[in-house]
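A.B. asks: fold the following for me, if possible:
(chains A, B, C and D)
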Protein chains: 2
Amino acid sequence: MAKAAGVSVATVSRALRGVDRVSPRTRDRVLAAATELHYVASPAATSLVSGRTRGVGVITPYFNRWFFATVVTGIEKVLREEGFHVLLCDLEGSTFDTRLPITQTMLWKRADGVIILNVPPRPAERSLLDRLGMPVVTVGNRQPGWPSVRIDDRAAMGVATRHAIELGHRDIGYAGTVPASITHLQTPFDRRAAFTTVMSEHGLVCPPEWTLECDWTAAGAAEHASRMFALPRIPTCIVAASDEIAFGVMSAARRHGLRVPQDVSVIGIDDHVHAEIFDLTTVRQDVEAQGRRAGRIMLEALHGRAADTVVDDVLDVELVVRGSTGPPRMVPADAPGATGATSAADALGATSAARQAPKPALQATS
Amino acid sequence: MAKAAGVSVATVSRALRGVDRVSPRTRDRVLAAATELHYVASPAATSLVSGRTRGVGVITPYFNRWFFATVVTGIEKVLREEGFHVLLCDLEGSTFDTRLPITQTMLWKRADGVIILNVPPRPAERSLLDRLGMPVVTVGNRQPGWPSVRIDDRAAMGVATRHAIELGHRDIGYAGTVPASITHLQTPFDRRAAFTTVMSEHGLVCPPEWTLECDWTAAGAAEHASRMFALPRIPTCIVAASDEIAFGVMSAARRHGLRVPQDVSVIGIDDHVHAEIFDLTTVRQDVEAQGRRAGRIMLEALHGRAADTVVDDVLDVELVVRGSTGPPRMVPADAPGATGATSAADALGATSAARQAPKPALQATS
DNA sequence: TTGAAAGCGATACCAT
DNA sequence: ATGGTATCGCTTTCAA
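C.D. replies: Below you'll find the predicted structure:
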């Protein structure tokens, strides 16, 4: 031990942490010895007596995806600055049954707190977390009693949908409903709900055949979009629930000989790192900032400076208009105007976007 | 504690771990009590006596990026199966000076082993790791004395370059040399070296103005590619050091009105999750498998079953031909044939790809 | 098969 | 300002 530096364990402990009354001379001597011997206090021992681990669990549905990896980046940076470590828990592939044990063994005495990304806890998990009594912060969705950092998914989708409508689109498709296996996620639900709401506020309805279910991956979206683009009637604009979905839709459109945005407009949400190079119009959110804020809220809680009210930190979003959206090729019959030029779509038979909104509940509420 | 279950701490300890001689009846009783009380042994105390933490540090240059996030996913899955946890350490933004302390405090008594992705350790780090005496596995590049999992970067780039040459391209550009700040990474160096080698084996040279330096992001690549596409002479094919770079190049090409692959072919390496939807020809590597294998090697070492020789696990790669590569629009003068159709490039003045390789060191070695 | 007791490496209280 | 020591929760001889 560093007691080879001439003093007692107690003094070493005090000196090393810079606290308490220790004479400068002694402190320097201890520090020197510590450096010399590459000494670092054992976290296990410290943890045993203090009860704290300086670790924070981060639970993510898929670490693999840009959004989550970016949030984690933000979290990690902030926590590391204060000497905290990130314990990663990727739920991908976990089933309903394996989830609880996972978080249980992971958190118990290993982490001082947990940050949960997007996935709502099941009741058993909720009670586990309550029982452990450790601070919890959620990112991406709100949970009663826990501080959260997020964007307003409904507002974001409202911006996207309104952009489409304001460009003159009436035949609007939606990409991003989810398969039953992930219906527990809030974001897909909220975005879809906002889309439907805004549409109907403008007297518009998106028919089922233009509503694409997918797993929120680009490949999945491309597959479903491809089927839709083979229909006799296709929308003039597709609102995608995320940029990755939008990428898939754009890709499918191109394979069907459709030009973006002349034949079909596409808009996403996120401002994914690749959105700019693919010229995708989107609603930007600052993902890493969400991670950083979640990390800071966690640090506050860990330092006992918990806010007196439950934080709900809602970050702004911003419409970023790029080249993937434009006015519809053909103007709806109820608002006559120029007709679009003949497009590759025509040549391929994927033509004749409808001239009016399908079953408009109400004409031109806007 | 669980001694409320009627036995002594020692028995509890034995029963819970299923080891040693414990009567089935006693064991069941202890297990029942443990479940009842939600009891889980404190890792800190266990760690204090056993010296092991059941944690593995994972060090990445950026885990924001698809490649790294995917490797981590693979690692995490394998480790979790055996009850090990992943401690993340993201080096992004770390400077030459802050790196050592980071790994030092992170690893010391917190992790039983370390997996290092792509970044070669500095001498001080190497000696730190040696001193700690913990198992190390590297992914993406080989380090003397440590087991590694990787692909053969030179071979992979050889496949890509040869594909371009076999399609008939002679005017080939390269995207993916790196700025001075990251010259320590091996992969960019190896891929570049292989490109140059294969080129010269075929009597070809890539001039500096067709050699794009970038930070290995799509956006960075797009910016540099854009400059190149504004030159009076451009290559008929661009070999990109990674798929993300290729995405940037494709994007820049499109913005210059160039069609892919008619006006310019693009090939990458990785088979990025988005490669298929963007129809990118690439050299596939199984990234998650590399993570899984690294995880398994680590587990072996942790279980004391270290291989007798230092493992160097080189995974196969595979050429995946998609739509982003095709024969050159104009056939080289030394191999006359059809001329390409007039393209958008002509209309934009970004025309006249050269009719023969620039300064060929040797004609037609192939 | 089970229990008692000695650490593991720090912290914190109590003396000095 | 510094040194002793009980303590944290578990594993591990050693006895019984």
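
A.B. asks: name the element the most centrally placed residue in chain A belongs to?
C.D. replies: Nearest to the mean C-alpha position of chain A, by C-alpha atoms, centre = their mean, lies A:Phe67 at 4.8 Å. Using DSSP states H and E, A:Phe67 maps to helix A:66-81.

A.B. asks: what's near enough to touch the residue of chain A found nearest DNA strand D?
C.D. replies: Residue nearest to DNA strand D within chain A: A:Arg21 (2.5 Å; C-beta to the nearest atom of the strand). Just so you know, the C-beta spots here come from the backbone N, C-alpha and C atoms, and that holds for glycine as well. Counting by C-beta atoms under 8 Å, 6 or more residues apart in numbering or on different chains, A:Arg21 makes contact with A:Arg14.

A.B. asks: next, count neighbours for whichever residue of the stretch 201-350 of chain A sits closest to DNA strand C.
C.D. replies: The stretch 201-350 of chain A approaches DNA strand C most closely through A:Gly304 (13.4 Å), counting by C-beta to the nearest atom of the strand. Look at A:Gly304: counted by other C-beta atoms under 10 Å in any protein chain shown, it has 7 neighbours.

A.B. asks: tell me the pLDDT of the nearest residue to A:Phe189 once chain neighbours are set aside.
C.D. replies: Among residues not flanking A:Phe189 along the chain, A:Thr183 sits closest, at 7.4 Å (C-beta to C-beta, 6 or more residues apart in numbering or on different chains). In this model, A:Thr183 is scored at 84, pLDDT.

A.B. asks: re the thing from before, in the helix holding A:Phe67, what counts as buried?
C.D. replies: Neighbour counts using 16 or more other C-beta atoms under 10 Å in any protein chain shown place A:66-80 of helix A:66-81 among the buried residues.

A.B. asks: render the CA-only coordinates of it in PDB, please.
C.D. replies: The C-alpha trace of helix A:66-81 is given here as PDB (Å, rounded to 0.1, in the frame of the first residue of the first chain):
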ATOM      1  CA  TRP A  66     -28.000   6.300 -34.700                       C
ATOM      2  CA  PHE A  67     -30.400   8.000 -32.400                       C
ATOM      3  CA  PHE A  68     -29.600   5.800 -29.400                       C
ATOM      4  CA  ALA A  69     -25.900   5.700 -29.900                       C
ATOM      5  CA  THR A  70     -25.900   9.500 -30.100                       C
ATOM      6  CA  VAL A  71     -27.900   9.900 -27.000                       C
ATOM      7  CA  VAL A  72     -25.500   7.600 -25.200                       C
ATOM      8  CA  THR A  73     -22.500   9.600 -26.500                       C
ATOM      9  CA  GLY A  74     -24.000  12.700 -24.900                       C
ATOM     10  CA  ILE A  75     -24.600  10.900 -21.600                       C
ATOM     11  CA  GLU A  76     -21.200   9.400 -21.500                       C
ATOM     12  CA  LYS A  77     -19.400  12.600 -22.100                       C
ATOM     13  CA  VAL A  78     -21.200  14.400 -19.300                       C
ATOM     14  CA  LEU A  79     -20.900  11.600 -16.800                       C
ATOM     15  CA  ARG A  80     -17.300  11.000 -17.400                       C
ATOM     16  CA  GLU A  81     -16.400  14.600 -16.700                       C
END
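
A.B. asks: buried sites along the helix or strand that that helix is followed by?
C.D. replies: Downstream of helix A:66-81, the first helix or strand assigned by DSSP H and E is strand A:85-90. Neighbour-count burial for strand A:85-90 flags A:85-90 (criterion: 16+ other C-beta under 10 Å).

A.B. asks: nearest to DNA strand C, of the residues you listed?
C.D. replies: So of those, ranked by how close each gets to DNA strand C (C-beta to the nearest atom of the strand), first place is A:His85, at 16.4 Å.

A.B. asks: so the nearest residue to A:Leu319 once chain neighbours are set aside, which state does it fall into?
C.D. replies: Excluding the flanking residues, the one nearest A:Leu319 by C-beta to C-beta, 6+ apart is A:Val159, at 5.2 Å. Three-state call for A:Val159 (DSSP: H, G, I helix; E, B strand; the rest coil): helix.

A.B. asks: residues touching A:Val159, list them.
C.D. replies: Here A:Val159 is in contact with A:283, A:317, A:319 (C-beta under 8 Å, 6+ apart).

A.B. asks: what is the neighbour count of the last one?
C.D. replies: If I follow you right, that is A:Leu319. Using other C-beta under 10 Å, A:Leu319 has 15 neighbouring residues.

A.B. asks: re the thing from before, burial of the residue nearest to A:Phe189, as a residue count?
C.D. replies: With other C-beta under 10 Å as criterion, A:Thr183 counts 11.

A.B. asks: that one is in contact with A:Glu213, isn't it?
C.D. replies: No: contact criterion C-beta atoms under 8 Å: A:Thr183 and A:Glu213 do not qualify, at 10.7 Å.

A.B. asks: circling back: do you know how far the residue nearest to the centre of chain A is from B:Ala246?
C.D. replies: 22 Å (C-beta to C-beta, to the nearest Å).

A.B. asks: then A:Arg284?
C.D. replies: For A:Arg284, the distance to B:Ala246 - C-beta to C-beta - is 25 Å.

A.B. asks: can you check A:Arg296 too?
C.D. replies: Taking C-beta to C-beta, one finds A:Arg296 at 37 Å from B:Ala246.

A.B. asks: and if you look at A:Pro235?
C.D. replies: On the measure of C-beta to C-beta, A:Pro235 and B:Ala246 end up 30 Å apart.

A.B. asks: contacting residues around A:Val283?
C.D. replies: Counting by C-beta under 8 Å, 6+ apart, A:Val283 makes contact with A:156-157, A:159-160, A:267-271, A:317-320.

A.B. asks: tell me how far whichever strand or helix holds it lies from the chain's centre.
C.D. replies: Using DSSP H and E, the element containing A:Val283 is strand A:281-284. In terms of C-alpha atoms, centre = their mean, to the nearest Å, the centre of strand A:281-284 is set 14 Å apart from its chain centre.

A.B. asks: mind listing what's buried in stretch A:155-164?
C.D. replies: In stretch A:155-164, counting by 16+ other C-beta under 10 Å, buried: A:156-164.

A.B. asks: residue ranges of the strands in the stretch 51-200 of chain A, please?
C.D. replies: Listed in chain order, the strands of the stretch 51-200 of chain A (DSSP state E, counting those that start in this stretch) span A:55-60, A:85-90, A:113-117, A:136-139, A:148-151, A:172-177.

A.B. asks: now those in CSV, with mean pLDDT and distance to B:Arg170?
C.D. replies: Shown next, in CSV, are those (pLDDT from 0 to 100; distance: least, C-beta to C-beta, whole Å):
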stretch, mean pLDDT, distance to B:Arg170
strand A:55-60, 95, 47
strand A:85-90, 94, 46
strand A:113-117, 96, 49
strand A:136-139, 97, 51
strand A:148-151, 98, 50
strand A:172-177, 98, 42
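
A.B. asks: could you dump these into CSV with distance to DNA strand C added?
C.D. replies: Shown next, in CSV, are these (distance: least, C-beta to the nearest atom of the strand, whole Å):
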stretch, distance to DNA strand C
strand A:55-60, 16
strand A:85-90, 16
strand A:113-117, 19
strand A:136-139, 24
strand A:148-151, 31
strand A:172-177, 50
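
A.B. asks: and of those strands, who's closest to chain B?
C.D. replies: Taking C-beta to the nearest C-beta, strand A:85-90 is the member of the strands of the stretch 51-200 of chain A nearest to chain B, at 4.5 Å.

A.B. asks: ok and the closest one relative to helix B:66-81, angle-wise?
C.D. replies: Counting by axes from the mean of the first three to the mean of the last three C-alpha atoms, to 10 degrees, strand A:85-90 lies at 90 degrees to helix B:66-81.

A.B. asks: is strand A:85-90 anywhere near chain B?
C.D. replies: Yes: Strand A:85-90 lies within reach of chain B by C-beta under 8 Å from any C-beta of the partner chain, at A:85-90.

A.B. asks: skipping adjacent residues, who's closest to A:Phe96 in space?
C.D. replies: A:Arg122 is the one closest to A:Phe96 (C-beta to C-beta, 6+ apart), at 7.7 Å.
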